[in-house]
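[1] Quick check, what structure comes out for this input:
(chains A and B)
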Number of protein chains: 2
Amino acid sequence: MILVNGRAAETVNALDRGLAYGDGVFRTLRTHSGQPLWWADHYAKLASDCKALALDCPDGALLQAEVYQVADVGQGVVKIMLTRGAAARGYAPSMDGECTRIVLSTPLPPHARSDAPPDVTVRWCTLHLARQPRLAGIKHLNRLENVLARAEWDDPAIFEGILCDDSGRVVSGVMSNLFWVRQGELFTPDLSNCGVAGVARARLLRAAARLGIRSHIGQFRSDAILAADEVMICNSVIGVRRVARLDDMTWSPAGWTATLNKALYEDLD
Amino acid sequence: MILVNGRAAETVNALDRGLAYGDGVFRTLRTHSGQPLWWADHYAKLASDCKALALDCPDGALLQAEVYQVADVGQGVVKIMLTRGAAARGYAPSMDGECTRIVLSTPLPPHARSDAPPDVTVRWCTLHLARQPRLAGIKHLNRLENVLARAEWDDPAIFEGILCDDSGRVVSGVMSNLFWVRQGELFTPDLSNCGVAGVARARLLRAAARLGIRSHIGQFRSDAILAADEVMICNSVIGVRRVARLDDMTWSPAGWTATLNKALYEDLD
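    Coordinates of the predicted model:
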C-alpha cells in the first residue's frame, strides 16, 4: 500500500522535485504487528535531515499514523520519502512549500527474517565515495553512488559492499553502517564527509555506552578493518550482522555481534 | 503537456527509481515552432549519459516524435527525463528493464527570450562541488548540490552562481557552463571530476574551432577568471551570455560573446 500526502495512490506528480533533482530525504524502517520499530529515532533523524535541506518536516503524529495505516499485519518494512514537492522547472527551491510525503510498505526481505543466516560475506567496492560535507550523513534521495556501487556485483553469496572515500578512508556499506571491535573497544567511521548516519548506527553507539563498551568514531583506513577481532554491519532492517568474510579475509565469531544486536532492540531511551 | 512512456499523464509510478534514488538522466532543450534545437547533439548526449549509468536509451526517432508532440507552437523548452523505471526496494539495479521516459514542455522562461538583457551578473557560491569521476559530466538526476547552491541567493538581479570544487578549482555555473577569453584564446574548466558537460558547451568548443579560436580545457583557479578579458556562461536554453559582473569585479564588453553566441546557432555538423 502507498499513501501520497495521506491518500492511497500509486503515483506521484511528474513535476515533483524528488524526481527532478532528488530533492528530498527518506527512511526505511521495520514494522512488527503494524507498529514501527524505533519510531522516535526514525522521526528525529527525518526531522534533522529535513532541516539540513530546509524542508518542512511533516508532523510526527501524522506520519506515524500513516505508517500504521500502510504497515503489514505481521513483520514488514515501511519506507517514507519526503520531497520538496512539485514545482516549475529550475533549481531554485521554494522555501515555503509543503513536502510531498510518500509512505509505503514492502514485505520483509528474506535476508531480514529471523531465520536468515546471522553471518554475511562482504566485498570491497571499487567506487570511491565523493566527499561532500554539506550532504554527508543525510539520507537524501541522491543515491546514484549507492546504485553504481551495488551494481559492482551480482553474486547472491555477497551480501554487502564496503565503501571508501576518495582519500582511501573507510566509510560504510552500500546499504549499512560499519562497525568493528578490537581489543574490546568499538570502532566506526566518522561520517562528516560522506555516508549516511543511520538510526541503527546511532542506537548501536548508545547500546555500546550502556554496555560499558568504549567506542571510537574516527577516520580509519582499510587496514583497521583487517586488524579487527570482529566486524559488523547494521541497518534498521537487518539489525547487526557479523561479517564472516571480506574478500579473502575471514573471521571467527568473537561474540560481540550477538551481544550488540540484542542490545540494539532494548529500550535505549 | 507531459508524456510518460508515450502517454499523456500527469504522474509517474511512486516506486520509480528516478524518485527513489535519482537513478536516471535528463536533458533540457529549446524548441522553435515545435522543432527541437540541436536535436542530434542532445540525443547523442542522452545516449552517452545513459550508457554511463547502464540505462537503455530509448530510440532516437521515438523520443524525437515525443518532443514534437509536447512542444509548444512558438518558442519553448522541453525537458526529457529517463529513469531506470519502477522496481522493488533496494539499490541493486535491474540491467534489463526499460527506461521510464518522461517528456514535458514548459514555456520559454523570461530570461531566455530574445529581448532579455544579454549581460548577466553572477556570484561565487560557497558550496564546493564534490569530486566524483564516476558521475562527472553526466546530467543525472542527483542534483542536490545544484539545489543547495541555487538556494544561496534570492536576489533577482543575480542570474547565476559560479561553483568551485573542494580543491578550489572553478567548475561551472549552477545551471550553465563557464567560458572565458584571454588574449584571444578561449578557456573552460575540465569536467572530469565534477560538473555537467552540457550540449551548449560542446557546441561552443566546436564553434570556436570553426572560427579559428584556440581553446583550452583545463584546471583553473578563480584568479584565471578574474584575469579574463571576457567571461561567459552558456546552456541550451539561454545560449551564450556575457558576465558583466562577478561580485565586485566588472568587465566591459570585448565582443567575444556576440560572435560566439551567433556561431553557436549555426550548423556545426
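
[2] Pick out the residue nearest the middle of chain A.
    residue A:198 (4.4 Å; CA atoms, centre = their mean).

[3] That residue and residue A:238 touch, don't they?
    No. Under the criterion of CB atoms under 8 Å, residue A:198 is not in contact with residue A:238, lying 11.0 Å apart. Glycine gets a C-beta too; all of them are placed from N, C-alpha and C.

[4] Point me to the helix or strand that includes residue A:245.
    Counting by DSSP states H and E, the element that carries residue A:245 is strand A:239-246.

[5] Give me the common contacts of residue A:198 and residue A:238.
    residue A:176 (CB atoms under 8 Å, 6 or more residues apart in numbering or on different chains).

[6] Can you pull out the low-pLDDT segments for the stretch 51-200 of chain A?
    A:96 (pLDDT under 70).

[7] give me that answer again for 80
    Low-confidence segments of the stretch 51-200 of chain A, defined by pLDDT under 80, span residues A:88-89, A:95-98.

[8] that older thread, contacting residues around the residue nearest to the centre of chain A?
    A:45, A:139, A:176-177, A:234-236.

[9] ranges for the strands of the stretch 51-200 of chain A?
    A:75-83, A:100-107, A:119-129, A:160-165, A:170-173, A:177-182, A:185-189 (DSSP state E, counting those that start in this stretch).

[10] Report the angle between the second one and strand A:75-83.
    Note on geometry: by axes from the mean of the first three to the mean of the last three CA atoms, to 10 degrees, strand A:100-107 and strand A:75-83 are set 160 degrees apart in direction.

[11] do the same with the third one
    Relative orientation of strand A:119-129 and strand A:75-83, computed by the same axes, to 10 degrees: 10 degrees.

[12] Which elements pack onto strand A:119-129?
    helix A:144-150, strand A:160-165, strand A:239-246 (3 or more CB pairs under 8 Å, 6 or more residues apart in numbering or on different chains; DSSP states H and E).

[13] Then the first one?
    When contacts are defined as 3+ CB pairs under 8 Å, 6+ apart, strand A:75-83 sits against helix A:17-21, strand A:24-32, helix A:39-52, helix A:60-70, strand A:100-107, helix B:17-21.

[14] can you tell if the longest one touches chain B?
    No. With CB under 8 Å from any CB of the partner chain as the measure, helix A:39-52 is seen stopping short of chain B, the closest distance being 9.5 Å.

[15] For residue A:161, give me its contacts.
    A:122-125, A:149-150, A:152-153, A:173-174.

[16] could you dump the contacts of residue A:198 to a markdown table with neighbour count?
    Listed next are the contacts of residue A:198 as a markdown table, based on neighbours: other CB atoms under 10 Å in any protein chain shown:
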| residue | neighbour count |
| --- | --- |
| A:45 | 23 |
| A:139 | 18 |
| A:176 | 26 |
| A:177 | 25 |
| A:234 | 25 |
| A:235 | 22 |
| A:236 | 24 |
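
[17] out of these, which are inside helices?
    Mapping those onto helices (DSSP state H) picks out residue A:45.

[18] circling back to that earlier point, now, of the contacts of residue A:161, which are buried?
    Buried by 16 or more other CB atoms under 10 Å in any protein chain shown: A:122-123, A:125, A:149-150, A:173-174, out of the contacts of residue A:161.

[19] Quick check: of the residues you listed, which lies closest to chain B?
    residue A:150 (3.9 Å; CB to the nearest CB).

[20] Skipping adjacent residues, who's closest to the closest one in space?
    Closest residue to residue A:150 apart from its sequence neighbours, by CB to CB, 6 or more residues apart in numbering or on different chains: residue B:91 at 3.9 Å.

[21] and that neighbour, how many residues sit next to it?
    20 (other CB atoms under 10 Å in any protein chain shown).

[22] My guess is it contacts residue A:153. True?
    No. Between residue B:91 and residue A:153 there is no contact under CB under 8 Å: 11.6 Å.

[23] quick one: the residue of chain A positioned farthest from its centre from residue B:104, how far?
    Ranking residues of chain A by C-alpha distance from their mean position (CA atoms, centre = their mean) puts residue A:88 at the top, at 30.8 Å. Distance of residue A:88 to residue B:104, given as CB to CB, to the nearest Å: 11 Å.

[24] what is in contact with the two at once?
    residue A:15.

[25] Is residue A:161 bridged to anything, and to what?
    residue A:123 (DSSP bridges).

[26] Give me the distance between it and residue A:221.
    Counting by CB to CB, the gap from residue A:161 to residue A:221 is 17 Å.

[27] go on, residue A:15?
    44 Å.

[28] Just give me how far stretch A:46-62 sits from the chain centre.
    The chain centroid and the centroid of stretch A:46-62 are separated by 17 Å, computed with CA atoms, centre = their mean, to the nearest Å.

[29] my bad, stretch A:3-23
    For stretch A:3-23 - counting by CA atoms, centre = their mean - the centre lies 21 Å from the chain centre.

[30] Same check on stretch A:201-215?
    17 Å.

[31] likewise stretch A:252-259?
    22 Å.

[32] do stretch A:174-184 as well
    That offset, for stretch A:174-184, works out to 14 Å (CA atoms, centre = their mean).

[33] and if you look at stretch A:169-176?
    Worked out by CA atoms, centre = their mean, stretch A:169-176 lies 10 Å from the chain centre.

[34] Do me a favour and get the end-to-end distance for it?
    16 Å (CA to CA, to the nearest Å).

[35] Just confirm yes or no for stretch A:56-66 near chain B.
    No. Judged by CB under 8 Å from any CB, stretch A:56-66 stays clear of chain B, getting no closer than 13.5 Å.
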